[in-house]
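Enquirer: From the sequence below, what's the structure:
(chains A and B)
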Number of protein chains: 2
Amino acid sequence: MATETSEPFQIPETSVGLVETQTATLFAPPHPLKTEGGSKLGPIQVAYETYGTLSPARDNVIFICHALTGDAHAAGYHENSNRKKPGWWEDFIGPGKGVDTDQYFVVCANVLGGCMGTTGPGAINPETGERYSLEFPVVAINDIVRVHHELLRTLGIDRVLAVVGGSLGGMQALEWAASYPNDVGAVIAIASAANVSAQSIAFNTVGRRAILADPQFQEGRFYGDQGPRYGLALARMLAHITYLSEASIEMKFGRRLQDTEKLTYNLLKETEFQIESYLHYQGRRFVERFDANSYLYLTKAMDYFNITESYGSLSDAWKDSTARFLIASYDTDWLFTTSQSKEIVTALNQTARHVSYIEFQSPYGHDSFLIECEQLAAAVRPFLAQTYSSFKLPEKNQKTN
Amino acid sequence: MATETSEPFQIPETSVGLVETQTATLFAPPHPLKTEGGSKLGPIQVAYETYGTLSPARDNVIFICHALTGDAHAAGYHENSNRKKPGWWEDFIGPGKGVDTDQYFVVCANVLGGCMGTTGPGAINPETGERYSLEFPVVAINDIVRVHHELLRTLGIDRVLAVVGGSLGGMQALEWAASYPNDVGAVIAIASAANVSAQSIAFNTVGRRAILADPQFQEGRFYGDQGPRYGLALARMLAHITYLSEASIEMKFGRRLQDTEKLTYNLLKETEFQIESYLHYQGRRFVERFDANSYLYLTKAMDYFNITESYGSLSDAWKDSTARFLIASYDTDWLFTTSQSKEIVTALNQTARHVSYIEFQSPYGHDSFLIECEQLAAAVRPFLAQTYSSFKLPEKNQKTN
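Expert: You can find the predicted model right below:
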C-alpha cells in the first residue's frame, strides 16, 4: 500500500501569490458617514487587498466590487488559510489575466454592512461597546460606494482607471460612475442591473423571512450563540437555485439519486436526489462563513438599489460621466437578465456615452461571471487597454502632478 | 349616509350551483391499498364531488385531477361556506363551460395524502387511534390514481370519458392513461410533465426544509398545536413565486411600495414592496387551510413522479393506451415548461398515439391554467366532443349493457 504523501502546495505562477488583507479606518469622529437613510456611522473599518503595483502617475488603478457574499480577497492566497483556496476571482485577476496585475494596480474591498472585515452589523458599536446587530443602519449601494471611494482617497488615489464588478458588484460599478462622474475611467458591469426585478425582490424577501422567522435569530442579537443557522442556510439554498440556470441544474444533477439506487420512500430523507444534497451542502457551508445580519442588510441594499429613482432617469444618471462602459450579460442568466443589461445600454446611448455591450453565451446562468473567466477576459483585456491609453493622456494626469 | 345593504348572494346561472362534498370509504380491511413504497394502507376515505348527470350508458364521466394544494371542490358553491367563493375551477367547469356539465358527469376527488377530506397524514390511524403524522406512508402519484380509480369503480364507473388536470393534476391524468390503458377515453394534461425538473426538485426541497426546520414541526406531531406555520408559509411564498411568470410579477407589482411613499430604511419592515406584502399574505392565508405534513407528502410524490422510469421509457408508458391525448403548455410557464410538454408529445407520436398539442400564449406563467379558462375551454370543448362521439360507439358500450 502506498503511503499518502502530502506535497507542499505550490502557488501557481499565474497567481498574484501570497496576499494579505489590510484594514483602513475611515469616517472617524467628527466626520461620520451620513447614510442615504439619514443615519450617521463612524468610524468605519474597511478590509481591502491590493495586487500589482501602483504606477507613479497613480493612473492604473482598477477597483473590484464584490458580489453579495464575496469579500476583499479577490485574488491570490492567504498565508495561514487553506492554501488551495485562492481568492474568489483568481481566474480573472492576476499576471496576464483578464485584469492584468502586471499592468494594473488592483484594489478590492469588503462592502459596508458585510461581515468580512468591513464594518457591518456584527461589528462593535463604539457608542455602546456592543455589537451593532439591528442598530446598524440600513445602508444603500450608494453608501457602500462612498466608503470605497473614501478608501481610495486615503490611499492617495483620486481617480480610478476602471471599476469592475459582477451582480451586486456590477451595481456598485454603475453607481460609481453616477456618483463620481469624473473619477472613473471605465465601468465594467457584468450580469448586473440598474435595479433588481420584482421577482428578485420576491426571492430576497423569502430568504430574509427564513432568517427572521428562525427562533435563533433573537432580534439580531445572536452573536455568541448558534444564530439563525437554519434560516440562513435556507436563504442560501434558495438563492443558490437562482444563481444557476435551469439547464445547468439539469445537466449537473438531473434526477440522479445521491446515496441510493432506488427511491427510499422515506419522507425524512432530505438529500435523496443529488440536487437536494448539493443545496443542503451549500447551505451548511454558507452558515460557517457568513453573518445572517449581513445577509439581511445586503439583500435589502440590493432591493433598494434603483438608479432610475436616484437620478431621475436612467440616462440622467450617467449624463455627466466621462467613463467608458462595458456592459455584459449571460444568455442563461435569469436573475440578472440580458434585457436588464440592455436597458442600461439603451440609457447610455441616449446621452451618447461610450458603451460596449456583449451578451455572452454560457450554460451556467448568473454564476457564469465567476466561472467563464477566459471568455470574460477576452472582452475585458482589450477594453481596459483601450481605456488605459486614453486615460493616460497628459491633461488627465494633472491631478497627479 | 346610505346604509349598507347586504344583498343576498345569487349563485350565477352559469354555475353548477350548490354542491356538497361526499365521502367514500375504500380499501377497508382485509383489502388495503398496497402502495408503491411497499406499505399497506386502509381504510381510505376519499372526499369527492360530482357535477352534472351520469348518462344511462355511464359513458359521460370526466374525472378532474386537482393540483398540489387543490381539493375536491372544483366547481359550484358550498351551502355554509363563503358563498362568494366557488370551486377552484369554477370558470372552467359548469353549464356550457370548458367542461360542460350539461353534457358530462364530472367527478373531482381530493388526493391521497391530502388534507381536504381524503385520508392523509392528518387522518386518524385506525391501528393507533392517533393521527398518522409521519407514520403515514410516502405515496406516489400512482397510488393517488389507484385510489381515484377505485372510487369510480365503487360509483359504478368502469371507464372514464376523460381525465383532466393541470400541473400535478396533469401528472395524475398522464398516469391514469398509463395505469389503465383501456379505461380512459382521453387525457387532457395541462401545464404538466412526465417528471419534474431538477430545478423543481430544488425548489421543493427548500420548501420542505422550511417546514422540517421549524421548531413547531415536532416531528410531524403538531396537530392541536400551532404547527410549523412559519415554515409552511415560507414554503408557500417560495412556491408562489414559481407559479408566476417574471413578467407578470413585474406587471402586477413592479417595484411599487405597499404603504409608504418612500423607502423606509427599516430592516424589519418585511412588507415594504407590494410583492413582499403579496407573498406574505399568500403565506399567511395558506397556513389557515393546509396541513404542513400533506405539503411534505405531496411535494415528495411530485418529485418522485417519473413516468420514464416507471414504464421503462416514455413512449412505452402509453403504448397500450386507447386514449386520445390533449397536451397543453403555456409559453411563460417556467415551472412546467413547454419543452416538458413537448417531450410527452414526442413520446406519444413515437407509438402513433392520437395526440394534439397546443402551446397557449398567456402572461401568467404556471398559474395560467387556473386563470385563462376561456382560452382553455376553446381547445377542450371540441376535443371532448370529438372524444365523446367516438367513445359512444356501440362496441365501447358493451360494459354498460
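Enquirer: Tally up the residues packed near residue A:29, please.
Expert: 9 (other C-beta atoms under 10 Å in any protein chain shown). No exception for glycine: its C-beta is placed from N, CA and C like everyone else's.
Enquirer: To clarify, my last question referred to residue A:169.
Expert: Residue A:169, neighbours per other C-beta under 10 Å, totals 27.
Enquirer: Give me the pLDDT for it.
Expert: If you check residue A:169, the pLDDT there is 98.
Enquirer: Need the nearest residue in space to residue A:9, chain neighbours excluded.
Expert: Leaving out its chain neighbours, the residue that sits closest to residue A:9 by C-beta to C-beta, 6 or more residues apart in numbering or on different chains is residue A:83, at 4.3 Å.
Enquirer: which ones are touching the one you found?
Expert: A:9, A:11, A:77 (C-beta atoms under 8 Å, 6 or more residues apart in numbering or on different chains).
Enquirer: so what pLDDT did it get?
Expert: Residue A:83 is assigned 75 on the pLDDT scale.
Enquirer: One more: residue A:80?
Expert: 78.
Enquirer: Contacts for the helix or strand containing residue A:375, please.
Expert: According to DSSP states H and E, residue A:375 maps onto helix A:373-391. The list of residues contacting helix A:373-391 from outside it, by C-beta under 8 Å, 6+ apart, reads A:59-60, A:62, A:89, A:91-92, A:97-100, A:103-104, A:161-162, A:164, A:185-186, A:188, A:190, A:324, A:326, A:328, A:356, A:358, A:360, A:362, A:369.
Enquirer: Of these, which belong to strands?
Expert: A:62, A:99-100, A:162, A:164, A:186, A:188, A:190, A:324, A:326, A:328, A:356, A:358, A:360 (DSSP state E).
Enquirer: Neighbour-wise, which one of the contacts of residue A:83 leads?
Expert: Going by other C-beta under 10 Å, residue A:77 tops the contacts of residue A:83 with 21 neighbours.
Enquirer: what is it paired to in the beta sheet?
Expert: When bridges are called by DSSP bridges, residue A:77 pairs up with residue A:18.
Enquirer: Give me the below-cutoff pLDDT ranges for chain A.
Expert: Along chain A, segments meeting pLDDT under 70 span A:1-7, A:392-401.
Enquirer: In the record's domain split, what are the boundaries for it?
Expert: A:22-195+A:305-390, A:202-298 (the TED database).
Enquirer: Does the last one reach chain B?
Expert: Yes. Interface with chain B: domain A:202-298 contributes A:202-203, A:205-206, A:208-210, A:212-215, A:230-231, A:233-234, A:237-238, A:241, A:244, A:246, A:249-250, A:253-255, A:263, A:265-268, A:270, A:273, A:275-276, A:279-280, A:283, A:296-297 (C-beta under 8 Å from any C-beta of the partner chain).
Enquirer: so residue A:216 touches residue A:224, yeah?
Expert: No. Contact criterion C-beta atoms under 8 Å: residue A:216 and residue A:224 do not qualify, at 11.6 Å.
Enquirer: Residue of the stretch 1-150 of chain A closest to chain B, please.
Expert: Residue nearest to chain B within the stretch 1-150 of chain A (C-beta to the nearest C-beta): residue A:37, separated by 3.1 Å.
Enquirer: How much space separates residue A:234 from residue B:117?
Expert: Per C-beta to C-beta, to the nearest Å, residue A:234 is found 31 Å from residue B:117.
Enquirer: Tell me which of the two has more neighbours.
Expert: Neighbour totals were compared for residue A:234 and residue B:117, and residue A:234 leads with 29 against 20 (other C-beta under 10 Å).
Enquirer: Please identify the helix or strand for that one.
Expert: Here residue A:234 is assigned to helix A:229-243, by DSSP H and E.
Enquirer: Contacts for that helix, please.
Expert: A:68, A:200, A:203, A:206-208, A:210-214, A:216-217, A:249, A:279-280, A:282-284, A:286-287, A:290, A:292, A:295, A:334-335, A:365-367, B:199, B:202-203, B:205-206, B:209-210, B:213, B:234, B:238.
Enquirer: Only whichever of those residues are buried, select them in ChimeraX.
Expert: Buried subset of the contacts of helix A:229-243, written as a ChimeraX selection, criterion 16 or more other C-beta atoms under 10 Å in any protein chain shown:
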select /A:68,200,203,206,207,208,210,211,212,213,214,216,217,249,279,280,282,283,286,287,290,292,295,334,335,365,366,367 /B:199,202,203,205,206,209,210,213,234,238
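Enquirer: contacting residues for residue A:322?
Expert: Contacts of residue A:322 (C-beta under 8 Å, 6+ apart): A:181, A:182, A:184, A:185.
Enquirer: Look at it and tell me its secondary structure.
Expert: coil (DSSP: H, G, I helix; E, B strand; the rest coil).
Enquirer: Just want the phi and psi numbers for it.
Expert: Main-chain dihedrals, residue A:322, degrees, to the nearest 10: phi -90, psi 10.
Enquirer: Give me the distance between it and chain B.
Expert: From residue A:322 over to chain B the distance is 29 Å, taken as C-beta to the nearest C-beta, to the nearest Å.
Enquirer: how close does that residue sit to residue A:159?
Expert: Residue A:322 is 10 Å from residue A:159, by C-beta to C-beta.
Enquirer: Need the residues touching each of these two.
Expert: With C-beta under 8 Å, 6+ apart as the test, residue A:322 and residue A:159 both reach A:182, A:184, A:185.
Enquirer: Need the nearest residue in space to the residue in the stretch 251-400 of chain A positioned nearest to chain B, chain neighbours excluded.
Expert: Of the stretch 251-400 of chain A, the residue with the smallest distance to chain B, taken as C-beta to the nearest C-beta, is residue A:265 at 3.2 Å. Spatial nearest neighbour of residue A:265, chain neighbours left out: residue B:37 (3.2 Å); criterion: C-beta to C-beta, 6+ apart.
Enquirer: The stretch 1-150 of chain A: helices as residue ranges?
Expert: A:141-154 (DSSP state H, counting those that start in this stretch).
Enquirer: hmm, back to that, can you name the next helix or strand after the helix holding residue A:234?
Expert: Next along the chain from helix A:229-243, counting by DSSP H and E, comes helix A:246-252.
Enquirer: contacts for that next one?
Expert: A:241, A:244, A:275, A:332, A:334, A:363-365, B:197-199, B:202, B:334.
Enquirer: thinking again about what came up before, what subset of the contacts of helix A:373-391 is buried?
Expert: Using 16+ other C-beta under 10 Å, the buried ones in those are A:59-60, A:62, A:89, A:91-92, A:97-100, A:103-104, A:161-162, A:164, A:185-186, A:188, A:190, A:324, A:326, A:328, A:356, A:358, A:360, A:362, A:369.
Enquirer: circling back: in a strand, that's where the residue of the stretch 251-400 of chain A closest to chain B is, yeah?
Expert: No. Counting by three-state DSSP, one finds residue A:265 to be coil, located in no strand.
Enquirer: Confirm for me that it is in contact with residue B:137.
Expert: Yes. Contact criterion C-beta under 8 Å: residue A:265 and residue B:137 qualify, at 7.1 Å.
Enquirer: who's more crowded, the two?
Expert: residue B:137 (23 against 18).
Enquirer: Contact partners for the nearest residue to the more buried one once chain neighbours are set aside?
Expert: Computed as C-beta to C-beta, 6+ apart, the closest residue to residue B:137 that is not its neighbour in sequence is residue B:39, at 3.4 Å. For residue B:39, the contact set (C-beta under 8 Å, 6+ apart) comprises A:265, B:137, B:138.
Enquirer: Could you report the separation of the second one from residue B:220?
Expert: What that stands for is residue B:137. For residue B:137, the distance to residue B:220 - C-beta to C-beta - is 13 Å.
Enquirer: Give me the neighbour count for the closest residue to residue A:41 other than its chain neighbours.
Expert: Counting by C-beta to C-beta, 6+ apart, residue A:33 is the residue found nearest to residue A:41 once chain neighbours are left out, at 4.8 Å. Applying other C-beta under 10 Å, we find 21 residues neighbouring residue A:33.
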